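Peer 1: Give me coordinates for this.
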Amino acid sequence: MTVANILKVKGRIYKSVKPTETIREFAKHLKDERIGAMIVTTDGKALDGIISERDIALGLAEHGDRLPNMKVSQLMTKRVEVCSPQDSIEEVMDMMTHRRIRHLPVQDEGELVGIVTIGDVVKAHLVEAHLTTTSRLTLARSA
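Peer 2: Below is the predicted model:
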């Protein structure tokens, strides 16, 4: 199973925030959308960075009361790990686990096409494991 399979189910959508928005505005987006991270993009196409609820927690510890009025660009992760639709869920799960990443943008030939979460990847892995087990049981019964 690949990232493309996840995007077929989930859709090729992602929520984004502009680097010029404040952390307060970003936090409101997270609350309203009930999500944990957003892609940071100036033009809606190019990946400038990613910012998550974890960044807010770390930012609060470092910047205190100044945090809500800071710009997203001041707190976002600029060196973003990405995956492609062709990557297997095993590859993506390994990357996310070893690099402690919970949200991974998906790029296809440099174009941003979606985002996958660790939850999406685990769910896909469980579905794949269930299908494999079901296939084996079916083969065993017919033998």
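Peer 1: Give me the residue at the spatial middle of this protein.
Peer 2: The chain has His103 as the residue nearest its centroid, 2.5 Å off, counting by CA atoms, centre = their mean.
Peer 1: Just to check, that residue is in contact with Thr117?
Peer 2: Yes - between His103 and Thr117 there is a contact under CB atoms under 8 Å: 5.5 Å. Heads up, the C-betas are built off the backbone N, CA and C, glycines and all.
Peer 1: list the residues that contact both of those two?
Peer 2: Residues touching both His103 and Thr117 comprise Gly36, Ala37, with contact defined as CB atoms under 8 Å, 6 or more residues apart in numbering.
Peer 1: just to revisit the earlier point, and the pLDDT at the residue nearest to the centre of the chain?
Peer 2: Looking at His103, its pLDDT reads 96.
Peer 1: nearest residue to it other than its sequence neighbours?
Peer 2: Closest residue to His103 apart from its sequence neighbours, by CB to CB, 6 or more residues apart in numbering: Ala37 at 3.9 Å.
Peer 1: can you give me the strands in this protein?
Peer 2: Secondary structure of the chain by DSSP state E: the strands cover 16-17, 37-40, 49-52, 103-108, 111-117.
Peer 1: Which neighbouring elements make contact with the third one?
Peer 2: Secondary structure elements in contact with strand 49-52, counted by 3 or more CB pairs under 8 Å, 6 or more residues apart in numbering; DSSP states H and E, are strand 37-40, helix 72-75, strand 103-108.
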